[in-house]
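Peer 1: need coordinates for the below:
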Amino acid sequence: MKRIKLEDLDRKLPYREPAGYFDKLPTTVQSRIYEQAIQKENPFSVSWSWKRTALTGAAASIVGVLLWVTYPQKQLSLSEETLSQVTNDEILTYLKDHNISQQEVIEQTQAPIESEEDVLFQQLNVNDEDLKRALQDENIEEMI
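Peer 2: This is a model prediction of the structure:
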């Protein structure tokens, strides 16, 4: 292997700086320092891009559609006119599709059976105030 002596090497620099580099260097450094200082003062700066805008719009659309689909709608009461538009065939088809027997329909439409006491109280036609006054006037403890 051949030995290289430092004295034999050329003293020429292999690289050169661009023209005016050192003249512009202080201004470039100061401008970068100024930009960093501004960013530190306002760390919550938001840069908008078309991707962020599109994603925000898509997310809002999805939320809107989900709310529309899952939000329960208010059911209005059925009027006589609305019920009169349903045909007997449609009612029979509905009952067959949902396996509802004739016996179940009869049980649901019958009025509840009232006890004898309930019937008597309804036939008495006595005001609540009169009944309370009568109970207060009578000495119930003696009767018991």
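
Peer 1: tell me which residues are up against the helix or strand containing Glu104.
Peer 2: Assigned by DSSP states H and E, Glu104 belongs to helix 102-109. The contact list for helix 102-109, computed with CB atoms under 8 Å, 6 or more residues apart in numbering, reads Leu95. For glycine as for every other residue, the C-beta is placed from the backbone atoms N, C-alpha and C.

Peer 1: hey, C-alpha coordinates of it in PDB?
Peer 2: Extracted C-alpha coordinates of helix 102-109, given in PDB (Å, rounded to 0.1, in the frame of the first residue of the first chain):
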ATOM      1  CA  GLN A 102    -109.700 -14.700  16.400                       C
ATOM      2  CA  GLN A 103    -109.700 -15.600  20.100                       C
ATOM      3  CA  GLU A 104    -107.000 -13.000  20.800                       C
ATOM      4  CA  VAL A 105    -108.900 -10.300  18.900                       C
ATOM      5  CA  ILE A 106    -112.100 -11.100  20.900                       C
ATOM      6  CA  GLU A 107    -110.200 -11.000  24.200                       C
ATOM      7  CA  GLN A 108    -108.700  -7.600  23.400                       C
ATOM      8  CA  THR A 109    -112.000  -6.000  22.400                       C
END
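
Peer 1: and that helix, which residues are buried?
Peer 2: Judged by neighbour count using 16 or more other CB atoms under 10 Å, helix 102-109 contains no buried positions.

Peer 1: centre of the chain versus it, how much separation?
Peer 2: Mean C-alpha position of helix 102-109 versus that of the full chain (CA atoms, centre = their mean, to the nearest Å) differs by 40 Å.

Peer 1: could we number from 44 for the rest of this?
Peer 2: Sounds good: first residue 44 from here, last item helix 145-152.

Peer 1: centre-most residue in this structure?
Peer 2: Ranked by distance to the mean C-alpha position of the chain (CA atoms, centre = their mean), the top residue is Leu110 at 6.0 Å.

Peer 1: show the contacting residues for that residue.
Peer 2: Leu110 sits next to no residue when contact means CB under 8 Å, 6+ apart.
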